[in-house]
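>>> after the sequence you'll find the predicted model.
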Amino acid sequence: MKNNYMTTIAILLAAVICVGMVYPLSRIAYAHTFSGGESASFLALSKQISSEVELAQSNIPSNITLAQDHANDAREHLDANTTKELSERNKRVASDLNTAITDLQKTVNSTSASPTNTTIKDKVDRIDGLLQEALSVRIEPNQMKNATVHILAINNILNEIGEHYGGAYGIEPEKENQTTATQNKIVNMADYQSAESLAKIAVQMFTDVKKFAPSNVTSSPDFAKIGTGLTSLKSAIDSKKSFKEVQQIIDSQIRPNIESAFSLKINAK
């Protein structure tokens, strides 16, 4: 009787070990938990890709060169590492999004036929739909309703705005502090369009922050100043103010108030 009992225990233990060797490993491979900062980066990235593909569409057929620049930028944003991270959550969405963006790029850059607005719109609509799917599988529901995640995503967008707006004026990122008064002419319209679009998006994103932030944050003067700063930023870019003026709004009017309102220490780059 004792021997039968010990045999049964041994069999059960072996079964548990076998299951433990197979099942958890597959779970670990899938269930990478992304931090709030990583989710904020992906949220910002999805906004950038959406912005670029929609700019590609808006430049068809009037300016095929600008459309190509934006389609190429969208392709660059979805790099191998981002695709890999998305694949951890949903391989089909990652593959479809990668294929759709590549397809848009090839169509816009085609030398055999000029793309029509209708053709590009269909492709952009598909990409936007896949981006929504990507957000739903890549970012946890509680993080999508977290004001800090959204405000960090806006901070990432601010970095992109500064980079694109500097590029619009022919200013290299490492020489942003050495700008001169002579750099007052836009020399890269694709970069300008990207900065303009992202500034509009940042203002729109702030509405989500308002929805999710606790009342003690939204009622603070610093929080209100963030919204005012974002509106001023959009207006300055729309009016083609100098790079220094635009960067000053980011560095002096927006970021300090983000830090104080949310008790954060954020990186400018």
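Perfect, I can see it now.
>>> so what touches the helix or strand harbouring residue 127?
The secondary structure element spanning residue 127 is helix 117-138 (assigned by DSSP states H and E). Residues outside helix 117-138 that contact it (Cβ atoms under 8 Å, 6 or more residues apart in numbering) are 34, 39, 42-43, 46, 49-50, 53-54, 56-57, 60-61, 67, 74, 85-86, 89-90, 93-94, 96-97, 100-101, 103-104, 107-108, 144. From N, CA and C alone the C-beta is placed, and that goes for glycine too.
>>> list the buried residues in it.
Within helix 117-138, the residues scored as buried using 16 or more other Cβ atoms under 10 Å are 119, 120, 123, 124, 126, 127, 130, 131, 134, 135, 138.
>>> and if you look at stretch 236-246?
Residues of stretch 236-246 classed as buried by neighbour count (16+ other Cβ under 10 Å): 236, 237, 241, 243, 244, 246.
>>> those residues: which two are farthest apart?
In the buried residues of stretch 236-246, the most distant members under the criterion Cβ to Cβ are 237 and 244, with 13.0 Å between them.
>>> picking that back up, after the helix holding residue 127, next one along is what?
Criterion used, DSSP H and E; the element after helix 117-138 is helix 141-144.
>>> for residue 192, give me its contacts.
Applying Cβ under 8 Å, 6+ apart, we find residue 192 in contact with 164, 165, 168, 186, 240.
>>> show me which of those residues are buried.
When neighbours are counted using 16+ other Cβ under 10 Å, the contacts of residue 192 contain these buried positions: 164, 165, 168.
>>> the second one in helix, strand or coil?
This means residue 165. With DSSP: H, G, I helix; E, B strand; the rest coil as the basis, the three-state label of residue 165 is helix.
>>> sorry, back to before: where helices are concerned, which of the buried residues of stretch 236-246 count?
Using DSSP state H, the members of the buried residues of stretch 236-246 that fall within helices are 236, 237, 243, 244, 246.
>>> residue 220 - how many residues pack around it?
Here the count is done by other Cβ atoms under 10 Å, and residue 220 has 16 residues near it.
>>> now swap in residue 38 and tell me
The local packing of residue 38 (other Cβ under 10 Å) involves 17 other residues.
>>> wait, what's in contact with it?
Residue 38 sits in contact with residue 85, where contact means Cβ under 8 Å, 6+ apart.
>>> and it, helix, strand or coil?
Assigned state for residue 38: helix (three-state reduction, three-state DSSP).
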